[in-house]
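Asks: I'll drop the sequence and a predicted model, then ask my questions.
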Amino acid sequence: MKTIIISILLLFCMTTDTALSDKDVLNPIIDARILESLIHYESTWRHDVVSSAGAVGLMQIKPSTASMFGYSREDLFCPIKNIEAGSLYLKYLLDKYNGCIRTALAAYNCGPYGFKGKQVCANYANRILKRAYGEI
């Protein structure tokens, strides 16, 4: 299943939706290495896992977060929809934090408002980046 999902990640990162801006068409949404690393740490590739906090699926998206992008809780159990919702959320955070991937990842892990100054959030971002790109 992991190989299939990696293929989906690569396709998702290389394709665009007509609703995306010209800027998004010229630049991939999210680097597939980041998504693979994030999925590894969030769910260890289990599409049906639900956390104690209620986050669902591969990218461990909370239903309230997914609803911002038009996805239901049930949608989050579908690997493709979960990756779409998680990618859109990470893109939202990247836009919010001026493209800083480290800050966006910290916010992804700890929430968009309560992450600053929390070492656990910074450590999470560092683990994702190290897995994605090697030594950072």
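Replies: Perfect, thanks for sending it. Values in this document were obtained by computation on a predicted structure and should not be read as measured data.
Asks: quick one: list the elements packing against the top helix by length along the chain.
Replies: Assignment by DSSP state H gives helix 79-96 as the longest helix of the chain. Contacts defined by 3 or more Cβ pairs under 8 Å, 6 or more residues apart in numbering; DSSP states H and E place helix 79-96 against helix 2-14, helix 32-43, helix 63-67, helix 101-110. Glycine gets a C-beta too; all of them are placed from N, C-alpha and C.
Asks: quick one: the second one to chain centroid distance?
Replies: Put simply, helix 32-43 sits 7 Å off its chain's centre (Cα atoms, centre = their mean, to the nearest Å).
Asks: mind listing what's buried in it?
Replies: Using 16 or more other Cβ atoms under 10 Å as the test for burial, helix 32-43 gives 32-40, 42-43.
Asks: average pLDDT across the longest helix of the chain?
Replies: Mean per-residue pLDDT for helix 79-96: 93.
Asks: pull that helix out as CSV, backbone CA atoms only.
Replies: What follows is helix 79-96, C-alpha atoms only, in CSV (Å, rounded to 0.1, in the frame of the first residue of the first chain):
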residue,chain,number,x,y,z
PRO,A,79,-6.2,7.9,1.4
ILE,A,80,-6.5,10.1,-1.6
LYS,A,81,-9.0,12.5,0.0
ASN,A,82,-7.0,12.5,3.2
ILE,A,83,-3.8,13.5,1.3
GLU,A,84,-5.7,16.2,-0.6
ALA,A,85,-7.1,17.6,2.7
GLY,A,86,-3.7,17.4,4.5
SER,A,87,-1.9,19.0,1.5
LEU,A,88,-4.4,21.8,1.3
TYR,A,89,-4.0,22.4,5.0
LEU,A,90,-0.3,22.4,4.8
LYS,A,91,-0.4,24.8,1.8
TYR,A,92,-2.8,27.1,3.9
LEU,A,93,-0.2,27.1,6.7
LEU,A,94,2.7,27.8,4.2
ASP,A,95,0.7,30.8,2.9
LYS,A,96,-0.1,31.9,6.4
